[in-house]
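Engineer: return atomic coordinates for the entry below.
(one chain, ligands or ions: 1)
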Amino acid sequence: MAADYFRMMGRPVKVIYATAGGLLFGVPEFCTVLQGVCDRYGIEVLTKHELIAVDPVRKVAKFALKDKPGETREIEFDMLHIGPPQRAPEFVRESPIAHPDGQMVGFVNVDIYTLQSPVYCNVFSLGDAAGLPTSRTGAAVRKQAPVLVNNLIQVMNGKEPNKRYNGYTSCPLVTAYGRMVLAEFDYSNTPTPTVPFIDTCKERFDMWLLKKYGLPWMYWNLMLRGLA
Ligand SMILES: Cc1cc2nc3c(=O)[nH]c(=O)nc-3n(C[C@H](O)[C@H](O)[C@H](O)COP(=O)(O)OP(=O)(O)OC[C@H]3O[C@@H](n4cnc5c(N)ncnc54)[C@H](O)[C@@H]3O)c2cc1C
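Structural biologist: Model (predicted):
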């Protein structure tokens, strides 16, 4: 949206998008459309750039180059917008329910489908603190909650968990004023659109309306009441 705003104002601002990941986005279909968006705005995409330090006096961001071990790169900025690395709260990280190591270290150790701890059968987890290999979103929580509740009740009744979460998540990617890509996908990293006949793999005005008006209404009136 910033890039779109600069364009509308006729400001020649250079925008750089740097990510520690190897791709602009993990799902190929959405990666392609987002690369097109970056090309349109002239955004320079830097992959495998892990932010390790910021010097606010010199206005310099320092990155470790993940494909060149030991090498770093400094980039000057006027404005820096950072998405910090994700981690669970300290009391979770340091508790015995957390993954002790591996990719999900510190997040709650649960079966990625049943959401039940493999160690403590009366422990379940969902949301941002859960060690699930999918994007952490409210949309994912919405799909995890009914699975968790069902499986918890099963266990409380002495039965086995019998519902599975498929990794569904949804990232509303606003690409312009009035345009949005709704990236919905699951553990297999394939698009899983809620409405099958709407092609969400492209920038859409109706998806922007959904984000601006539909989702806030759904959140406050349906999700928080457990109705959706
Ligand atoms: C900038 C931004 C934009 C986002 N946009 C979207 C979006 O468009 N769509 C979408 O689906 N998702 C979006 N998300 C993700 C979404 O907000 C999270 O995935 C979701 O809020 C996770 O819910 P949660 O309940 O697991 O964790 P949280 O919402 O973080 O709730 C955890 C709660 O625990 C509390 N807490 C922490 N420590 C303690 C303690 N020791 N004792 C008691 N309480 C404690 C915290 O204060 C917090 O209220 C966005 C996130 C961010 C940061």
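Engineer: quick one: low-confidence parts of the chain?
Structural biologist: The chain contains no residues with pLDDT under 70.
Engineer: what residues does it put near the ligand?
Structural biologist: Residues of the chain lying close to the ligand by Cβ under 6 Å from any ligand atom are 89, 91, 127, 128, 129, 136, 137, 138, 139, 141, 172. Placement of C-beta: from N, CA and C, glycine included.
Engineer: among those, which are located in helices?
Structural biologist: 91, 138, 139, 141 (DSSP state H).
Engineer: quick one, what contacts the first one?
Structural biologist: With contacts taken as Cβ atoms under 8 Å, 6 or more residues apart in numbering, residue 91 has no neighbouring residues.
Engineer: I'd like to know which of the residues of the chain next to the ligand are buried.
Structural biologist: 127, 128, 129, 137, 139, 141, 172 (16 or more other Cβ atoms under 10 Å).
Engineer: residue 101: which of the residues you listed is nearest?
Structural biologist: Nearest to residue 101 among those is residue 129, at 17.1 Å by Cβ to Cβ.
Engineer: wait, the closest one sits on residue 90?
Structural biologist: No: if you go by Cβ atoms under 8 Å, residue 129 and residue 90 don't touch, sitting 11.2 Å apart.
Engineer: follow-up on the earlier one: out of the buried ones among the residues of the chain next to the ligand, which two sit at the greatest distance?
Structural biologist: 129 and 172, at 21.8 Å, using Cβ to Cβ across those.
Engineer: residues in contact with the residue in the chain that the ligand sits nearest to?
Structural biologist: The minimum distance from the chain to the ligand, using Cβ to the nearest ligand atom, falls at residue 127 (2.2 Å). Residue 127 makes contact with 136, 140, 141, 144 under the criterion Cβ under 8 Å, 6+ apart.
Engineer: ok, 10 Å please
Structural biologist: Neighbour list for residue 127: 88, 108, 136, 137, 138, 140, 141, 144, 145, 148 [criterion: Cβ atoms under 10 Å, 6 or more residues apart in numbering].
Engineer: all strands for this structure, in order.
Structural biologist: For the chain, the strands defined by DSSP state E cover 16-18, 44-46, 49-55, 60-65, 72-76, 169-176, 179-185.
Engineer: list the contacts of the residue nearest the centre of the chain.
Structural biologist: In the chain, the C-alpha closest to the average C-alpha coordinate belongs to residue 135, at a distance of 3.6 Å (Cα atoms, centre = their mean). Counting by Cβ under 10 Å, 6+ apart, residue 135 makes contact with 25, 26, 27, 86, 167, 169, 170, 171, 183, 185.
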